[in-house]
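J.: how would this look folded up:
(one chain, ligands or ions: 1)
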Amino acid sequence: MRRRAFLSWVGVGWLFSRVPAVFTVFLAACTRQQKPASGLETVGTIADLDAKGILQTESPAPILVVRNPADPKTLIAVNSTCTHQGCLVNWNAERKAFICPCHGAAYGADGSVQNPPATKPLTTYPVQIEGQNVQVKVS
Ligand code: FES
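T.: Next comes the predicted model:
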């Protein structure tokens, strides 16, 4: 093999050795673009919410999203951790309340306490509809 051909193949090999690094940088840039800087987290779609009656996620926090029974055009997002002893509450559409399965605490749709033993309201989060997605501002 001639020297020039050898150096060409070394150059081609070096270029191909950079492909994984370039691909990694590209993926990192794409991932950053998907995470909004506003602190809004997409927790699901309106279609899922309407099909299931709730949206539920564990990350970045245990969050439950429901339509506001008083104004179904708006949404309500709460931290589903019961303030009594930390069980996860469920949404009861008939009662229009979040119910804790452990000791029976009940919270209104706005997170306020309706039934003991809980004494503190559920944490609520700002929530919005963006296109087809439901976004919650957790931080
Ligand atoms: S943990 Fe929810 S009522 Fe006790």
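J.: tell me the pLDDT of residue 2.
T.: According to the predicted model, the pLDDT of residue 2 comes to 72.
J.: that one: how many residues sit nearby?
T.: Number of residues near residue 2 (other Cβ atoms under 10 Å) recorded here: 7. C-beta here means a position set from N, CA and C on the backbone, and glycine is covered the same way.
J.: domain map for the chain?
T.: In the assignment given by automatic domain parsing, the structural domains of the chain cover 1-34, 40-137.
J.: in stretch 127-139, which residues are buried?
T.: Along stretch 127-139, the positions that meet the burial threshold by neighbour count (16 or more other Cβ atoms under 10 Å) are 127, 133-136, 138.
J.: deepest-packed of the domains of the chain, please.
T.: Taking mean count of other Cβ atoms under 10 Å as the contact definition, the stretch among the domains of the chain with the greatest mean neighbour count is domain 40-137, which reaches a mean of 16.
J.: do that domain and the ligand meet?
T.: Yes - with Cβ under 6 Å from any ligand atom as the threshold, domain 40-137 lies in contact with the ligand, specifically through 82, 84-87, 100, 102-103, 105, 117-118.
J.: average model confidence for that domain?
T.: The model assigns domain 40-137 a mean pLDDT of 95.
J.: got the end-to-end distance for it?
T.: The first and final residues of domain 40-137 sit 4 Å from each other (Cα to Cα, to the nearest Å).
J.: this completes my enquiry, with thanks.
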